[in-house]
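Q: Attaching a predicted model along with its sequence, questions to come.
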Amino acid sequence: MHHNHSTVTPSAHSAPPLTTPPTAPSTITFADLSLAEPLLRALNEKNYTVPSPIQAKSIPFLLQGRDLIGIAQTGTGKTAAFALPILQRLAAHPAPATPKRPRALILAPTRELAAQIAQSFGAYGKFLKLTHAAVFGGVSLSPQIRALQRGVDVLIATPGRLADLERQKHVSFDKVEIFVLDEADRMLDLGFVHEIKRIITKLPPKRQSLLFSATMPRAIEDLAASIVHNPARVEVTPDAPTAERIEQHVCHVNRHDKAKLLVHFIGKHPKGLVLVFVRMKHMANKLVDQLAKDGVKAEAIHGNKSQPARQRALENFRAGHSCVLVATDIAARGIDVKGIALVVNFDLPEEPESYVHRIGRTARAGLDGIAVAFCDSSERNLLRAIERLIRRPIPVLKGHPLEASAQGPREPAAYAGSGIDRPHRPAPRHGGFRSHSSSSNHRTAPRTGGVGFTRAGFARSGGSRY
Ligand code: AMP
């Protein structure tokens, strides 16, 4: 792929190659999937040999030209699952790039995700003569207009900016052969439904269509029905994606103690990156300031920041210059950073699905990860909604230094009959903790993947700084 549009795909240097696929290995190789030689060569350069499950399942259908619904979240390798067959199909029928008329259109919910997808097309299409560009808001229009004017084969876009460009006649969709709606559930959460429906009406009826979503609520099924025709359906990790591989805890804490508790965790967690989720943009900034007072260097990433500022914060985080990133859901969606050892839900999300997306930022590429949720007394209902969604109780982390004394632990029906623990025992006074669901399975070895957070490590910490 030519790199002549690098000005409009500012992103993110590539993450180090992995030798293991994102989820459980399958026995087939990329060569078994009938991928063309230039693609195999590019995969080889990235050291990808074994397709991830979503890739192994989707690529054969997509190479046949089938429509597809993919139920998979970021981290499963879904980008390559659609990028590889798209590149192969476009390369198989070369057509001169026509100004303003892309042959493949990929819609992504956020700028960061669009930039990452563009980067993947660049990497996988390295040995093909196809062009790509990403267009998204928050940056100047003119380089994007120029790229479209030159003509690109693959256009990756966020819906808002794409709709603007289309209204101004800088792009038209009448030559689109392949259409992808990525992270459809997030698109709806972010209120893009109107733009998406408008864009769909402008697509040629004869096309290949793909829809990916981490969750499949009714609204997505309805949207899918208006996009895909006789689709193949592939699903990886149904119901609670990635949740199995992530060690999860909830801490009951008073609202005004949350920042102190966060500092405590960061202090106990010297290795690895920490991603912190907050609900509101202003809270992200406030928390960064509070952390600075405690000597913790953190950066914020949210929708009010300019695109260059967001990219910069992300780069600093990725490179480990700032080990803590405070993010809102919108800004963090699709962030693919390896080495996130701990995800903190500083605020519990309003929508339980977001919890699954958030904790999925750790446990990337088959590694284990840890997620801790801070729950104050006003958030009990949100916690219950999450537990319903993931169909299991989140073990309560007891004995942390800022444990909310007022409320004590929950008496959850979910624990009844587990025979493991008694919910109403007094909290330990030392700095260790017991976890309701796993106290019988005490683990002292470090987690895989250099996570650097061990139960023993936490327990060893003794007294608190507060
Ligand atoms: P995605 O779900 O598309 O965001 O991909 C998650 C991460 O896994 C990205 O960093 C990819 O570069 C990486 N990846 C994708 N496919 C493979 C594979 N077959 N083997 C190893 N790593 C992969």
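A: Ah, there it is.

Q: From here on, just use CA atoms for contacts and neighbour counts.
A: Fine.

Q: Could you give the number of residues near the single nearest residue of the stretch 201-350 of the chain relative to the ligand?
A: The ligand sits closest to residue 336 of the stretch 201-350 of the chain, with a gap of 5.9 Å, by CA to the nearest ligand atom. By the measure other CA atoms under 10 Å, the count of residues near residue 336 is 23.

Q: quick one: it from residue 139, how far?
A: Separation of residue 336 from residue 139 (CA to CA, to the nearest Å): 21 Å.

Q: go on, residue 381?
A: Counting by CA to CA - residue 381 and residue 139 are separated by 39 Å.

Q: And residue 174, by the same measure?
A: Counting by CA to CA, the gap from residue 174 to residue 139 is 26 Å.

Q: before we move on, what about residue 73?
A: For residue 73 relative to residue 139 (CA to CA), the value is 27 Å.

Q: One more: residue 212?
A: Counting by CA to CA, the gap from residue 212 to residue 139 is 26 Å.

Q: do residue 299 as well
A: Counting by CA to CA, the separation of residue 299 from residue 139 is 20 Å.

Q: Next: residue 81.
A: Distance from residue 81 to residue 139, by CA to CA: 28 Å.

Q: Who has more neighbours out of those two?
A: The residue with more neighbours, out of residue 81 and residue 139, is residue 81; 22 against 15, by other CA under 10 Å.

Q: which residues does the nearest residue to that one once chain neighbours are set aside contact?
A: Among residues not flanking residue 81 along the chain, residue 55 sits closest, at 4.4 Å (CA to CA, 6 or more residues apart in numbering). Contact analysis of residue 55 by CA atoms under 8 Å, 6 or more residues apart in numbering lists 77, 78, 80, 81, 82.

Q: what subset of these is also close to the ligand?
A: Residues of the contacts of residue 55 in contact with the ligand (CA under 6 Å from any ligand atom): 77, 78, 80.

Q: Quick check: pLDDT value at the first one.
A: Per-residue confidence (pLDDT) for residue 77: 90.

Q: distance of it from residue 58?
A: Residue 77 is 11 Å from residue 58, by CA to CA.

Q: Tell me which of those two has more neighbours.
A: residue 58 (25 against 20).

Q: circling back: closest to the ligand among the ones next to the ligand among the contacts of residue 55?
A: Distance to the ligand across the ones next to the ligand among the contacts of residue 55 (CA to the nearest ligand atom) is lowest for residue 77, with 3.4 Å.

Q: where do the strands sit along the stretch 301-450 of the chain?
A: Secondary structure of the stretch 301-450 of the chain (DSSP state E, counting those that start in this stretch): strands at 324-327, 340-345, 369-375.

Q: Quick one, which of these gets closest to residue 314.
A: Of all these, it is strand 324-327 that lies closest to residue 314, at 7.9 Å by CA to CA.

Q: That closest one - what's its average pLDDT?
A: For strand 324-327, mean pLDDT rounds to 94.

Q: Next: stretch 88-95.
A: 95.

Q: Also stretch 27-40?
A: For stretch 27-40, the per-residue pLDDT averages 93.

Q: how far is that stretch from where the chain is centred?
A: 26 Å (CA atoms, centre = their mean, to the nearest Å).

Q: can you check stretch 53-65 too?
A: That offset, for stretch 53-65, works out to 21 Å (CA atoms, centre = their mean).

Q: So it, near the ligand or not?
A: No - counting by CA under 6 Å from any ligand atom, no contacts exist between stretch 53-65 and the ligand, the nearest distance being 7.3 Å.

Q: So for that stretch, what gets flagged as buried?
A: Going by neighbour count (16 or more other CA atoms under 10 Å), the buried part of stretch 53-65 is 53, 54, 55, 56, 57, 58, 59, 60, 61, 62, 63, 65.

Q: ok, and what's touching stretch 100-109?
A: So stretch 100-109 is contacted by 86, 90, 114, 148-159, 170-184, 186-187, 190, 333 (CA under 8 Å, 6+ apart).
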